[in-house]
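Visitor: let me see the structure of the following:
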Amino acid sequence: MLAQNITPSAIRVMCVDDHPIFREGLSAVLANDPGFELVAEAGTGEEAIEKFRTFRPDVTLMDLRLPGISGTEAIAAIRAEFPDARIVVLTTETGDVPMQRTLNAGAKGYVLKGMAMSELLDIIRSVNAGKTRIPERVATHIAEHLTDKNLSARELEVLKLIAGGHRNREIAHKLSISEETVKMHVRNIMVKLNANDRTHAVTIAVRRGFITL
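Guide: Numbers count the residues shown, from 1 in each chain. Purely as a prediction, here's the structure:
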């Protein structure tokens, strides 16, 4: 449902979320405020890119967990083609890793679902005005891990296999590396995540958003 009777100065918004009920709810809220116009909706990252090209919204609200490419990948693709695109992440992802990834990809805001709608609308206005808006809870969470070392691509592969219940020998076979190399990666993972054991490492990685189960 797209808003009707919009004022000329209304902020044109696109909502990207794979849950139609959520999009309908947001549409209803925006329809009641003459300062906003919902011009497009998308349920996948690929669709978001196409809809952005067509509608050129002032502000895009982007979920991260989408079918196909992720919200972060969609943000990077849109920003590569349209450097001035203003995108606000609207998600349930509370880990510092996805927060940092999306901001690095070019997002101008990071909002957690469940936030008061009045605050979300205020953030949309700020981002439309060219500002970057990061709520205090999100900024604090990012700051807590600013000095932490990132996991390498190979370490992430190993960690995902550990989370899947695979032992070192199985991991070595799947990745075509030696078991000693696997052990080295596991040690590095434990140090970087400050984990006590493999299970603890997986728990921390899921909480921070390195991997999903």
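Visitor: CA atoms for contacts and neighbours, from now on please.
Guide: Fine.
Visitor: at the geometric centre of this structure, which residue do we find?
Guide: L64 (3.8 Å; CA atoms, centre = their mean).
Visitor: looking at this, that residue is in a helix?
Guide: No - judged by DSSP: H, G, I helix; E, B strand; the rest coil, L64 forms no part of a helix; its state is coil.
Visitor: show me what contacts it?
Guide: With contact set as CA atoms under 8 Å, 6 or more residues apart in numbering, L64 has these partners: 70-72, 89-91, 93.
Visitor: quick one: the helices in the chain?
Guide: 20-31, 45-55, 71-81, 96-105, 117-128, 136-144, 153-163, 168-175, 179-193, 198-208 (DSSP state H).
Visitor: tell me the mean pLDDT over the first one?
Guide: Translated: helix 20-31. For helix 20-31, mean pLDDT rounds to 91.
Visitor: go on, the last one?
Guide: With pLDDT averaged residue by residue, helix 198-208 scores 95.
Visitor: got it, and the longest one?
Guide: Regarding helix 179-193, the rounded mean pLDDT is 96.
Visitor: returning to what we had before: distance to E136, neighbour count and pLDDT added to the contacts of L64, as a markdown table?
Guide: Shown next, in a markdown table, are those (distance: CA to CA, whole Å; neighbours: other CA atoms under 10 Å; pLDDT from 0 to 100):
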| residue | distance to E136 | neighbour count | pLDDT |
| --- | --- | --- | --- |
| S70 | 25 | 16 | 95 |
| G71 | 22 | 26 | 96 |
| T72 | 21 | 25 | 96 |
| V89 | 15 | 25 | 97 |
| L90 | 15 | 23 | 94 |
| T91 | 16 | 18 | 93 |
| E93 | 15 | 20 | 90 |
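Visitor: for those, which one is nearest A42?
Guide: Proximity of those to A42 (CA to CA) peaks at G71, which lies at 11.2 Å.
Visitor: the closest one: what's it in contact with?
Guide: By CA under 8 Å, 6+ apart, the contact set of G71 is 45, 62-65.
Visitor: what residue spans form the domains of the protein?
Guide: Using automatic domain parsing, the domain parsing of the chain gives 11-144, 153-208.
Visitor: quick one: distance of the last one to the chain centre.
Guide: Looking back up the chat, that one is domain 153-208. With CA atoms, centre = their mean, to the nearest Å as the basis, domain 153-208 stands 24 Å off its chain's centre.
Visitor: quick check, pLDDT for L2.
Guide: 50.
Visitor: ditto for the one 3 residues further on
Guide: Looking at N5, its pLDDT is 50.
Visitor: and the domains of the chain, which is most packed in?
Guide: domain 11-144 (a mean of 19; mean count of other CA atoms under 10 Å).
Visitor: what's the first-to-last distance across that domain?
Guide: 34 Å (CA to CA, to the nearest Å).
Visitor: over to stretch 30-46?
Guide: End residues of stretch 30-46 are separated by 24 Å (CA to CA).
Visitor: can I get the helices of the chain in TSV with distance to R12?
Guide: Below are these laid out as TSV (distance: least, CA to CA, whole Å):
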stretch	distance to R12
helix 20-31	10
helix 45-55	9
helix 71-81	16
helix 96-105	22
helix 117-128	9
helix 136-144	25
helix 153-163	38
helix 168-175	47
helix 179-193	41
helix 198-208	33
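Visitor: alright, I will stop here.
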